[in-house]
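Student: what would the 3D arrangement of this be:
(one chain, ligands or ions: 1)
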Amino acid sequence: MPTVFQKDYPLDTLNTLRLPGRARRFAEIVSAGQLVELVRGGGLTGERFFVLGGGSNIVVSGDVDATVLRMCIPGRELVASDDDAHYVRAGAGENWHEFVAWTLEMGWPGLENLALIPGTVGAAPIQNIGAYGLEVGECIHSLEAVDLRSGTLVSFDREACCFAYRDSIFKQDAANRFAVTAVTFRLPKRWLPILRYADLAREMSSRGIVAPRPAQVMEAVIAIRQRKLPDPAVIGNAGSFFKNPVVSVERCKKLLEFNPDMPHYPQPDGHEKIAAGWLIEKCGWKGHADGPVGMYEHQALVLVNMGGALGTDVLRVVASVRRDVVERFGIALEMEPVVL
Ligand code: EPU
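Tutor: Here you go, the predicted structure:
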């Protein structure tokens, strides 16, 4: 299928921060074959390009002198089943939350802790989305992607994706090289609820649930998210705006001497992860704004567009928050979203 490009295409409704900006060239991709054909036909040669999913993890800084490809590849199916697991494949353009809800309805639980995360299936592995004690990489069996240099369709198993905290090969060595077209999930038949995240455990006990069903875990996750995180349909935001910084145990101990109540979480590799939301709140940014951009009143890690903000307003607040956190704690926060 030939790709139809549109010129000066508005991106404001295609990013959840609702920032204005136009793409010099824009197209929707509805199949892997279409993308292969486009690359092999030279349609991206010499072009700056950007692969867009649900737009829930980007900052549109203004007009974009590039080709933006919006991944709209549909489809979801059970592709295999063995004694241990179901293998479920979904097209990159499927809405993430609807896909999670569908797997539960079909009786293939395992993704319920990741309910209500905005975005698409194809974007989920890029930054290895995670919440409430689970990261998506743990559930991915493999994925398919088109190499945007050669136009070949390649398959990555979980190992090859190099998943880490909010990170994967697609943000590192393979950044801007592959467009994920489909993801296959491995969902174990022996389901066990993951309730190690304190907020989720509390929510379950406040509901008086001891041995939850998958749908009950999903409902609890949805309730917590709705309490703490703004709905992008109502107020522009991109979820957590900064990563939780990971520091050495020694560094963490030093910080705790002056900040004994600082939330910190030991990591498997011996480091400590610190709650960036807490650091930002301590710097006075919770519910505080500069012009139309601020940090959310119920979760200081979430940057919000209260209406009419430009990308430059966002980047100004980012610089101020980072400066304040460095001055007070000596920690340089890293942004989660990608700047376009
Ligand atoms: N905290 C504060 N003040 C705040 C926000 C948080 O003191 O304004 C404290 C909380 O009291 C808690 C700790 O910080 O002790 C952690 O807060 P929370 O449980 O809300 O989680 P988070 O670390 O801020 C991370 C993810 C979220 C994910 C939640 C739940 C990152 C960058 N963020 O947030 O992911 O939903 O855990 O697992 O890792 C996202 O990436 O877009 C996202 C929403």
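Student: give the helix, strand or coil label for Arg251.
Tutor: At Arg251 the chain is in helix, as set by DSSP: H, G, I helix; E, B strand; the rest coil.
Student: and it, how far is that from the ligand?
Tutor: From Arg251 over to the ligand the distance is 18 Å, taken as Cβ to the nearest ligand atom, to the nearest Å. For glycine as for every other residue, the C-beta is placed from the backbone atoms N, C-alpha and C.
Student: ok, that residue - how many residues close by?
Tutor: As a burial measure, Arg251 scores 16 neighbours (other Cβ atoms under 10 Å).
Student: once you drop chain neighbours, what's closest to it?
Tutor: Setting aside the residues directly before and after it, Arg251 is nearest to Glu272 in space (Cβ to Cβ, 6 or more residues apart in numbering), at 7.7 Å.
Student: tell me which residues touch that neighbour, please.
Tutor: Glu272 makes contacts with Val246, Val247, Ser248, Val249, Arg251, Cys252, His264, Tyr265, Pro266, as judged by Cβ atoms under 8 Å, 6 or more residues apart in numbering.
Student: what about Pro10, how many neighbours?
Tutor: Pro10 sits with 14 neighbouring residues when counted by other Cβ under 10 Å.
Student: for Tyr87, same thing?
Tutor: For Tyr87, the tally of surrounding residues (other Cβ under 10 Å) stands at 17.
Student: rewinding a little: buried among the contacts of Glu272? Make that a PyMOL selection.
Tutor: Command for PyMOL, covering only those of the contacts of Glu272 found buried under the criterion 16 or more other Cβ atoms under 10 Å:
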select buried, resi 246+247+251+252+264
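Student: and which of the contacts of Glu272 is nearest to the ligand?
Tutor: Within the contacts of Glu272, proximity to the ligand (Cβ to the nearest ligand atom) peaks at Tyr265, which comes in at 8.4 Å.
Student: what's the closest non-adjacent residue to that closest one?
Tutor: Lys273 (4.5 Å).
Student: can you give me the separation between that neighbour and Glu105?
Tutor: With distances defined as Cβ to Cβ, to the nearest Å, the gap from Lys273 to Glu105 amounts to 33 Å.
Student: neighbour count winner among these two?
Tutor: Neighbour totals were compared for Lys273 and Glu105, and Lys273 leads with 17 against 9 (other Cβ under 10 Å).
Student: quick check, central residue of the protein?
Tutor: In the chain, the C-alpha nearest the mean C-alpha coordinate belongs to Ile129, at 4.5 Å (Cα atoms, centre = their mean).
Student: where does pLDDT dip in the protein?
Tutor: For the chain, not a single residue meets the criterion pLDDT under 70.
Student: which residues of it lie near the ligand?
Tutor: Listed as neighbours of the ligand in the chain under the rule Cβ under 6 Å from any ligand atom: 131-132, 197, 199, 228-229, 239-240, 243-244, 263, 275, 277-278, 281, 286, 299-301, 336.
Student: quick one: which of these sit in strands?
Tutor: Applying DSSP state E to the residues of the chain next to the ligand, the entries found in strands are Ala131, Gly239, Ser240.
Student: which of those residues sits closest to Phe26?
Tutor: Within these, distances to Phe26 taken as Cβ to Cβ reach their minimum at Gly239, with 23.9 Å.
Student: I'd say the closest one and Ile117 touch.
Tutor: Yes. Under the criterion of Cβ atoms under 8 Å, Gly239 is in contact with Ile117, at a separation of 7.3 Å.
Student: residue of the stretch 101-250 of the chain nearest the ligand, please.
Tutor: Closest to the ligand within the stretch 101-250 of the chain is Gly239: 2.4 Å, counting by Cβ to the nearest ligand atom.
Student: that residue: neighbour count?
Tutor: Here the count is done by other Cβ under 10 Å, and Gly239 has 23 residues near it.
Student: tell me the contacts of it?
Tutor: Contacts for Gly239 were tallied using Cβ under 8 Å, 6+ apart; they are Ser56, Asn57, Ile117, Pro118, Leu229, Val302, Glu336.
Student: same question, Lys189
Tutor: With the criterion set at Cβ under 8 Å, 6+ apart, Lys189 makes contact with Asp83, Asp84, Ala85, His86.
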